[in-house]
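In: What follows is a predicted structure for the sequence shown.
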Amino acid sequence: MSKVLIIGAGGVGNVVAHKVAQAKEVFTDIMLASRNENKCRAIAADVKNATGVTIKTARVDADNVQELVALMKAFQPKLVLNVALPYQDLPIMDACLHAGVHYLDTANYEPSHLAKFEYSWQWAYKERFEKAGLMALLGSGFDPGVTNVFCAYAQKHLFDEIHFVDIMDANAGDHGYAFATNFNPEINIREITQRGRFWEKGEWKETDPLSVKWVYDYPVVGPKDSYLLYHEELESLAKNIKGLKRIRFFMTFSERYLTHLRVLENVGMTRIDPVEFQGQKIVPIQFLKALLPDPASLGPRTKGKTCIGCEITGIKDGKPRKVFIYNVCDHQECYAEVKSQAISYTTGVPAAIGGLLMATDKWMKPGVWNMEEMDPDAFMAELNKRGLPWQVVERDPSAPSA
Ligand code: NDP
């Protein structure tokens with residue numbers, strides 16, 4: 001019987017609201033707050049239609065710690081599910097410490113003026129959360145999130161030693177637009193225009209942006225061009241998976257997407273620094289976001305499937321072993337259930353599951369934790385029950401990788 005506060009009423013916030021409302025046995029009182037309360041009200045109306053559950057709504061500026069604390073003290077939730085933007089992670093963590101509330105998010109902190117994301121800022125809160133007897137669970141989306149739990153599950157059940165991990169993220173969906181991003185365009189474009197980075201033999205190695213391609217044969221969706229990117233879960237997994245020799249992350253992009261991206265970069269539309277325009281300062285990437293389709297609106301148009309998983313190579317009972325642990329998710333099935341495409345769905349369901357495990361004290365320990373530091377079994381069981389079933393397939397351990 002728990003009270004939960006969801007912050008952020010975008011594509012992911014919509015899914016979290018639906019999935020939390022579906023877990024009636026755990027969440028008895030739900031509030032959705034964002035900077036635009038009308039968006040919260042629209043989601044609350046959909047949730048009421050779909051589940052019969054009433055969700056309270058509120059307006060909050062999540063950059064403002066005092067406003068957040070006032071809202072938390074008035075509503076008194078057990079935990080906050082932060083699905084606003086990475087810029088809001090630290091103010092929301094500060095507010096949780098002031099108000100005595102547990103915390104969960106799906107993306108690590110990133111300062112708005114610097115296209116750089118890393119866990120150091122949030123790991124620095126560990127002692128404060130420990131002393132306050134509060135838990136902060138970081139990165140409870142799909143990647144990061146489920147991919148970390150897949151690694152923890154492989155470490156616990158499938159391998160004696162893990163040597164190589166390749167996280168493979170394929171979106172084989174089509175929304176019919178020439179160019180659109182599946183989650184917040186500003187965060188998405190900032191992420192993929194950075195230099196590639198992976199971890200090997202204790203060191204970080206860099207590549208030019210999108211310069212390493214692997215045609216990977218995914219279950220169900222088939223072979224797809226997959227590009228090496230830096231992704232935040234690499235940082236915590238390199239630290240927490242013992243005996244690891246290399247970990248990388250690959251994501252699929254179509255040639256059409258990459259051509260648009262190249263042009264936008266070349267003309268300066270992806271810049272994150274302010275430029276003078278007709279007497280006022282504008283940030284080009286924020287202007288671009290205003291022009292691009294809202295990811296939350298892609299749901300009814302998107303057809304096809306995602307396949308995201310971890311290819312893991314290591315040793316079991318003295319023999320080499322390679323497995324692919326993955327989920328396949330169908331865009332239209334997600335839309336039929338919660339009026340959302342699969343990218344928001346695959347992020348929102350794990351956020352709701354993480355919240356559910358914290359609310360029921362199955363995952364509850366004071367401090368700041370990444371997903372792979374928790375016991376994976378309860379989370380893996382919930383994935384199967386709540387819309388993201390997973391499979392493990394054996395692969396040939398001697399087959400070459402990229
Ligand atoms: P959206 O842009 O659709 O939604 C973000 C929401 O946060 C919007 O409702 C926005 O308000 C609100 N918001 C932004 N700033 C503030 C603020 N200062 N105060 C209050 N509310 C604010 O993004 P998504 O739903 O696509 O993504 C949500 C999060 O999920 C992001 O952090 C993203 O990085 C993460 N993510 C994680 C993934 C994973 O697998 N781990 C995958 C995909 C996304 P408004 O509506 O007014 O703009």
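Out: Received, thanks. All values derive from a computational prediction rather than experimental measurement.

In: you'd agree residue 312 is in a strand?
Out: Yes: remark: residue 312 belongs to a strand, assigned using DSSP: H, G, I helix; E, B strand; the rest coil.

In: can I assume residue 151 is in contact with residue 312?
Out: Yes: assessed by C-beta atoms under 8 Å, residue 151 is found in contact with residue 312 at 7.0 Å. (Glycine included, C-beta is placed from N, CA and C.)

In: what's the overlap in contacts for those two?
Out: 162, 165 (C-beta atoms under 8 Å, 6 or more residues apart in numbering).

In: Flag every residue of the stretch 201-350 of the chain that's near the ligand.
Out: Counting by C-beta under 6 Å from any ligand atom, the residues of the stretch 201-350 of the chain close to the ligand are 295, 296, 343, 344, 347.

In: I'd like the residues you listed laid out as TSV, including distance to residue 19, pLDDT and secondary structure.
Out: Formatted as TSV, those follow (distance: C-beta to C-beta, whole Å; pLDDT from 0 to 100; DSSP: H, G, I helix; E, B strand; the rest coil):
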residue	distance to residue 19	pLDDT	secondary structure
295	18	86	helix
296	16	79	helix
343	15	93	helix
344	11	94	helix
347	11	97	helix
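
In: got those as CSV, with neighbour count columns?
Out: Putting those into CSV (neighbours: other C-beta atoms under 10 Å) gives the following:
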residue, neighbour count
295, 24
296, 21
343, 29
344, 27
347, 26
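
In: The ligand: which of those is nearest?
Out: Distance to the ligand across those (C-beta to the nearest ligand atom) is lowest for residue 347, with 4.0 Å.

In: Please report how far residue 377 lies from residue 61.
Out: Going from residue 377 to residue 61 by C-beta to C-beta, to the nearest Å gives 39 Å.

In: Could you do residue 1 as well?
Out: For residue 1 relative to residue 61 (C-beta to C-beta), the value is 30 Å.

In: More neighbours: which of the two?
Out: residue 61 (14 against 10; other C-beta atoms under 10 Å).

In: secondary structure class for the more buried one?
Out: coil.

In: Surely it and residue 67 touch.
Out: Yes: using C-beta under 8 Å as the test, residue 61 is close enough to residue 67 to be in contact (5.4 Å).

In: What is the most widely separated pair among the residues of the stretch 201-350 of the chain next to the ligand?
Out: Using C-beta to C-beta, those span at most 12.2 Å, a distance reached by 296 and 347.

In: pLDDT score assigned to the residue nearest to the spatial centre of the chain?
Out: When C-alpha atoms, centre = their mean is applied to the chain, the residue found nearest the centroid is residue 141 (3.5 Å). pLDDT recorded at residue 141 is 98.
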